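S.K.: Fold the stuff below for me.
(one chain, ligands or ions: 1)
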Amino acid sequence: MSASPADPAGPAPAGGIVTRLGVRRVINGATTLTALGGSLMPEPVLEAMRQAAGSFVDMHELQRAAGRHLAELTRNQDACVVASCAAGLCIATLACITGGDPQKIARLPAGFGLPTEIVIHRSHRIPYDRAIELAGGRIVEYGGPLVTHGSELEAAIGERTAAVLHVAGTHLGQGAPPLETVIEIARRHGVPVLVDAAAQLPPPSNLWRFTVDLGADLALFSGGKGLRGPQASGLVTGRSDLIEACRANLSPHQRLARAMKVGKEEIAGLVRAVELYLATDHQAEAAHLRGVCDRWAGTLSDLRGVAITVEATNEAGQPLPRVRLDLGPEAACDAATLASRLWEDDPRVAVLAGPGRVWLTPELLGAGEAELVASRIRRVLA
Ligand SMILES: *Cc1c(COP(=O)(O)O)cnc(C)c1O
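M.R.: Next comes the predicted model:
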């Protein structure tokens, strides 16, 4: 089961460049945070990157062939590999504004006379959406924080609309219409719908759910989160003409998205990562992770002032179990202190913390690391 996310990519690289630079290793009990390095690539992904690094290739041909294969794997019309999901937001915006027409591409990012507006529900504003502005897109917000009627989306769509962006995930602010409604309205106006699904894997079916099942025009995923591909990779899937328009903006062309180059190594690594991801038994994986959580709950159950709950889903609503520690007034310290004591040790231990709470997530831990996290927590709280 080399594709299992709980299977470490290999032993900690003692004496590696990171150590030589004096940088501490991090044990990731938090989530696939870019600030921690995202995720760990399985050995076959590293091997695919190593092989791709060994020879020259026609990059146009590689990008097209990889796209065809990724489209088949994910049941989509077409796909392309980009440098990250944020780069995907930029490139999808370029594609929707220009349709891949080189003359229109040359008019960006100023974009005079081009449809440059990307419509987003107010609760879907995310820090990454600045990537849209990088492409010359202008963000137009619609909706309020509580209830939004379809008519508000209708009113936000106009002559200058290039696309509607919907951000997937249950962790976002409430009030946005469901994706089905967004697609129905946008389609009536002939405007494409982009779905930012960066961290929405698992379940693997999301690779085709937003586009093939629900009818969105493009879906965007991080390569370096749930897929465990290269950190600097992302996947865009969907409508063939729009993917073609993405490629028209991408490196190796000397156009705007050249600043977000993907190399042959990232393309090969992401292809291998998607193959492995789809071959993984995600149910067995979830059962394994549930076992880790149950063991944590058992080991930590006697800590004073700490209530322990095993949750079935993570912060983004994905089917990944985690353990929540609620620290009461009887506990040896508060949640923020616990998180910072874990972080300041060597190796660092990263956990997610909120007011009065700390969460432990198992899916990014290597062999023996779940036990280490538990013993560190005991050391602080016992
Ligand atoms: C992580 C994330 C991104 C950015 O993904 P990268 O691949 O790191 O660029 C964009 N959107 C959402 C919703 C995310 O969670």
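S.K.: and the residue in the stretch 251-382 of the chain that the ligand sits nearest to, what does it touch?
M.R.: Nearest residue of the stretch 251-382 of the chain to the ligand: Ala316, at 7.3 Å (Cβ to the nearest ligand atom). The way it works is simple: take the backbone N, C-alpha and C, and place the C-beta from them, glycine included. For Ala316, the contact set (Cβ atoms under 8 Å, 6 or more residues apart in numbering) comprises Gly169, Thr170, His171, Ala199, Gln200.
S.K.: repeat that for 7 Å
M.R.: Ala316 sits next to Gly169, Thr170, His171, Ala199 when contact means Cβ atoms under 7 Å, 6 or more residues apart in numbering.
S.K.: what bits of the chain have low per-residue confidence?
M.R.: For the chain, the stretches with pLDDT under 70 are 1-15, 145.
S.K.: what residues does it put near the ligand?
M.R.: 34, 84-86, 126, 128, 167, 196, 198-199, 222, 224, 234 (Cβ under 6 Å from any ligand atom).
S.K.: Generate a ChimeraX selection restricted to the buried subset of those residues.
M.R.: Restricted to buried positions by 16 or more other Cβ atoms under 10 Å, the ChimeraX selection for these reads:
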select :84,85,86,126,128,167,196,198,199,222,224,234
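S.K.: Take the residues of the chain next to the ligand and keep only those in strands.
M.R.: Val167, Asp196, Ser222, Gly234 (DSSP state E).
S.K.: Out of the residues you listed, the closest to the ligand would be?
M.R.: Nearest to the ligand, judged by Cβ to the nearest ligand atom, of those is Ser222 at 3.3 Å.
S.K.: partners of the closest one in the sheet?
M.R.: Applying DSSP bridges to Ser222 gives these bridge partners: Gly234.
S.K.: who touches it in this structure?
M.R.: Ser84, Cys85, Ala198, Ala199, Gly234.
S.K.: now swap in Gln77 and tell me
M.R.: Ala71, Gly238, Arg239, Ser240.
S.K.: Val182 now?
M.R.: Val182 makes contacts with Leu153, Val164, His166, Val193, as judged by Cβ under 7 Å, 6+ apart.
S.K.: Against Asn314, how distant is the second one?
M.R.: When distance is defined by Cβ to Cβ, to the nearest Å, Val164 is 27 Å away from Asn314.
S.K.: between these two, who's got more neighbours?
M.R.: Between Val164 and Asn314, Val164 has the larger neighbour count (other Cβ atoms under 10 Å), namely 29 against 20.
S.K.: So which residues of the stretch 1-150 of the chain form helices?
M.R.: 17-20, 43-52, 59-74, 85-98, 102-106, 130-134, 150-156 (DSSP state H, counting those that start in this stretch).
S.K.: Point out the most buried one among the ones you listed.
M.R.: Greatest average neighbour count among the helices of the stretch 1-150 of the chain goes to helix 85-98 (a mean of 29), per mean count of other Cβ atoms under 10 Å.
S.K.: Show me what it is packed up against.
M.R.: Counting contacts by 3 or more Cβ pairs under 7 Å, 6 or more residues apart in numbering; DSSP states H and E, helix 85-98 packs against helix 130-134, strand 161-167, strand 193-196, strand 218-222, strand 234-238, helix 240-249.
S.K.: how deep is Arg188 tucked in, by neighbour count?
M.R.: 11.
S.K.: just Glu369 next, same as before
M.R.: The local packing of Glu369 (other Cβ under 10 Å) involves 20 other residues.
S.K.: Just list whatever residues bridge to the closest residue to it other than its chain neighbours.
M.R.: Sequence neighbours aside, Ile27 is the residue nearest to Glu369 in space, at 5.1 Å (criterion: Cβ to Cβ, 6 or more residues apart in numbering). Beta-bridge pairing for Ile27 (DSSP bridges): Val349.
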